[in-house]
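Undergrad: dropping the sequence and predicted coords here.
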Amino acid sequence: MTVKLKDKEFVPFISAESIDQRLKILGAQISKDFKNDNPILLGVLNGSFMFLSDLAKYIDIPSEFTFVKLSSYSGENSTGKVKSLIGLDSDLKGRKVIVVEDIVDSGLSMSHLLEILQTKEPLDISIVSLLFKPEALKFPVEIDYVGFEIANKFVVGYGLDYDGLGRNLPSIYQLK
Ligand SMILES: O=P(O)(O)OC[C@H]1O[C@H](OP(=O)(O)OP(=O)(O)O)[C@H](O)[C@@H]1O
Ligand SMILES: Nc1nc2[nH]cnc2c(=O)[nH]1
């Protein structure tokens, strides 16, 4: 069934069942790779809230969870550049950090985020992204765990929004 959000129509793309199956595999892989590391999973708000919450249920090793939001604003104006992390209250020094994103598209957000995170002196940084658009990548970033590689088309649902709407859809839709 199609979904209409404001002026745009979206068609079903990745079902809730497919997401759940993939998350089981990702969770098992991460649990194996970080077995003795007590990693910190760092969700990037807003888009990652649903992904991280569901992924966490399939991670069965000691692990910690925290969230940040990126800020690209200076006063009232967007600088077009991500400048700081809002809400990072955990000490990352010497820790294994797993950044959790809903999507890597151009790679701009992730490359800026990595620059800021490096200054916190973590032991290492891994990336898990539910979605990845290889054709759209302009700022090279290496993603350690990818849920789904997708075409360069706009998607919504499962945390991802169109103009603030659609984040609560339990599956992923693609622009018609
Ligand atoms: O690779 P990029 O081209 O930088 O795009 C990816 C970014 O876009 C989305 O965030 P957005 O800025 O829309 O904020 P949101 O998470 O609050 O929706 C998404 O959550 C990523 O952070
Ligand atoms: N909702 C949404 N946000 C994005 N941010 C970067 N790419 C996308 C996308 O395809 N959909």
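TA: Arrived safely, thanks for sending. Ligands and ions are numbered 1, 2, ... in the order given.

Undergrad: report the beta-bridge partners for the spatially most central residue of the chain.
TA: Residue closest to the mean C-alpha point of the chain, counted by Cα atoms, centre = their mean, is residue 101 at 0.8 Å. Counting by DSSP bridges, residue 101 forms beta bridges with residue 129.

Undergrad: tell me the contacts of it?
TA: 44, 47-48, 109-110, 127-130 (Cβ atoms under 8 Å, 6 or more residues apart in numbering). In this view, the C-beta of every residue, glycine as well, is placed from N, C-alpha and C.

Undergrad: out of those residues, who's near ligand 1?
TA: 44, 47, 109-110 (Cβ under 6 Å from any ligand atom).

Undergrad: tell me which two of these sit farthest apart.
TA: By the measure Cβ to Cβ, 47 and 110 form the most distant pair in the ones next to ligand 1 among the contacts of residue 101, at 12.0 Å.

Undergrad: neighbour count: these two, which is higher?
TA: Neighbours per residue, other Cβ atoms under 10 Å: of residue 47 and residue 110, the larger number sits with residue 110, 25 against 21.

Undergrad: what strand or helix carries the more buried one?
TA: Residue 110 belongs to helix 108-118 when assigned by DSSP states H and E.

Undergrad: does residue 43 lie in a helix or a strand, and which?
TA: Going by DSSP H and E, residue 43 is in strand 40-45.

Undergrad: which residues of this protein score low on pLDDT?
TA: 72-83 (pLDDT under 70).

Undergrad: return the set of buried residues in whichever helix in it runs longest.
TA: In the chain, taking DSSP state H as the definition, the longest helix is helix 16-33. Residues of helix 16-33 classed as buried by neighbour count (16 or more other Cβ atoms under 10 Å): 19, 22-23, 26-27, 30.
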